[in-house]
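Participant: build me a model:
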Amino acid sequence: MRRAGVLLAAAATLALASLAAPAAPPDLSGVWFITHSVGALMTLDGHAPPLTPEAKAVVAAHRAAAAKGDFSFDGVTRCLPPGLPRLLLMREPFEILQKPKVIYFVHQLNRLPRRVYLDEALPTDVDPHYLGYSVGRWDGDSLVVDSSGFDDSTLLDNAGLPHSDALHLTERYQLSQDGRHLHLTVTIEDPKTFTQPWSAQADYLKRPGYELTEEVCAATPEARRPRS
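Facilitator: As a prediction, the model looks like this:
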């Protein structure tokens with residue numbers, strides 16, 4: 001009886017330990033391709049972003065210049081990084097490398113790297129970067145990424161949508177049960193550019209066995225149209 005009691009106690013301890021241990025987060029590692037590239041960002045309900053009057057004037061100027069074949073307002077034509085979320089909306093794959101304390105996004109386009117530091121506070125005094133500064137956390141099965149500290153020379157999409165240095169992005173990544181599909185909802189906050197926060201979405205498909213190629217941008221004197 002004593003042996004049975006010891007075994008029961010050990011089993012109960014193991015059961016309690018399994019209940020107390022947090023579930024492992026889903027593994028987002030792999031190379032991901034967007035299912036449908038996004039040329040112009042729209043809100044979740046299909047409307048145009050809620051621009052301020054000043055931002056509307058900037059968008060109109062960009063479109064007028066593009067209609068004349070002038071893309072000098074777009075740093076991508078000079079091989080500068082596209083910025084976010086634009087880089088996530090293009091027909092360019094990216095690889096996710098998942099570690100316990102940091103998640104890396106490595107983009108095929110110019111091998112642009114991005115680090116998402118897990119369970120850290122988002123700093124308020126970082127120097128501007130093309131891809132900003134990102135921190136992340138797990139919310140159940142979703143990876144939530146907060147980013148700020150963006151260089152305001154980049155665009156949010158290929159249609160010339162601008163932003164300011166006050167841009168704050170919140171990305172929520174959700175992996176499908178079969179591990180092959182990744183859904184992104186991105187919330188954009190920028191009171192200097194938009195009258196209220198708004199969200200957009202994108203979907204990605206995993207490509208097992210694909211290795212990122214060495215893709216290098218080489219600018220030419222002639223501005224080239226950005227790829228969607």
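Participant: now the helices for this structure?
Facilitator: Under the criterion DSSP state H, the chain contains helices at 2-20, 53-67.
Participant: which of those helices has the lowest mean pLDDT?
Facilitator: With a mean of 50, helix 2-20 has the lowest mean pLDDT of the helices of the chain.
Participant: which residues of this protein fall in strands?
Facilitator: Counting by DSSP state E, the chain has strands at residues 30-34, 94-98, 102-107, 113-118, 133-139, 142-148, 168-175, 181-189, 198-206.
Participant: so where's the chain shaky on pLDDT?
Facilitator: For the chain, the stretches with pLDDT under 70 are 1-22, 219-228.
Participant: try it again at 90.
Facilitator: 1-24, 37, 110-111, 123-127, 214-228 (pLDDT under 90).
Participant: wait, His183 touches Gln177, no?
Facilitator: No: using Cβ atoms under 8 Å, His183 is not in contact with Gln177, being 11.9 Å away. Every C-beta, even on glycine, is put in place using the N, C-alpha and C of the backbone.
Participant: who has more neighbours, these two?
Facilitator: In this view His183 and Gln177 are compared by other Cβ atoms under 10 Å, and His183 has more residues nearby, 15 against 8.
Participant: quick one: residues contacting the more buried one.
Facilitator: Applying Cβ atoms under 8 Å, 6 or more residues apart in numbering, we find His183 in contact with 173-174, 176, 201-204.
Participant: which one of the residues you listed sits closest to Thr52?
Facilitator: Distance to Thr52, by Cβ to Cβ, is smallest for Gln201 among the contacts of His183, at 23.0 Å.
Participant: how about the closest one, what does it touch?
Facilitator: Gln201 neighbours (Cβ under 8 Å, 6+ apart): 44, 183-186.
Participant: bridging residues for it?
Facilitator: Beta-bridge pairing for Gln201 (DSSP bridges): Thr185.
Participant: next, find the distance separating it from Tyr173.
Facilitator: 11 Å (Cβ to Cβ, to the nearest Å).
Participant: which residues do those two both contact?
Facilitator: Joint contacts of Gln201 and Tyr173 (Cβ under 8 Å, 6+ apart) are 183-184.
Participant: leaving out chain neighbours, which residue sits closest to Val41?
Facilitator: Just to correct that, residue 41 is Leu rather than Val. Spatial nearest neighbour of Leu41, chain neighbours left out: Asp157 (4.4 Å); criterion: Cβ to Cβ, 6 or more residues apart in numbering.
Participant: right, and the one you found touches Leu87 too?
Facilitator: No: applying Cβ under 8 Å, one finds Asp157 not in contact with Leu87, separated by 10.4 Å.
Participant: who touches stretch 105-116?
Facilitator: So stretch 105-116 is contacted by 79, 81-82, 87, 90, 92-97, 102-104, 131, 134-136, 145, 212-217 (Cβ under 8 Å, 6+ apart).
Participant: can I get the strands of the chain in JSON lines including distance to Gly75?
Facilitator: Supplementary listing: the strands of the chain in JSON lines, determined by distance: least, Cβ to Cβ, whole Å:
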{"stretch": "strand 30-34", "distance to Gly75": "21"}
{"stretch": "strand 94-98", "distance to Gly75": "19"}
{"stretch": "strand 102-107", "distance to Gly75": "16"}
{"stretch": "strand 113-118", "distance to Gly75": "17"}
{"stretch": "strand 133-139", "distance to Gly75": "19"}
{"stretch": "strand 142-148", "distance to Gly75": "18"}
{"stretch": "strand 168-175", "distance to Gly75": "18"}
{"stretch": "strand 181-189", "distance to Gly75": "19"}
{"stretch": "strand 198-206", "distance to Gly75": "21"}
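Participant: that's all I had, so thanks and see you.
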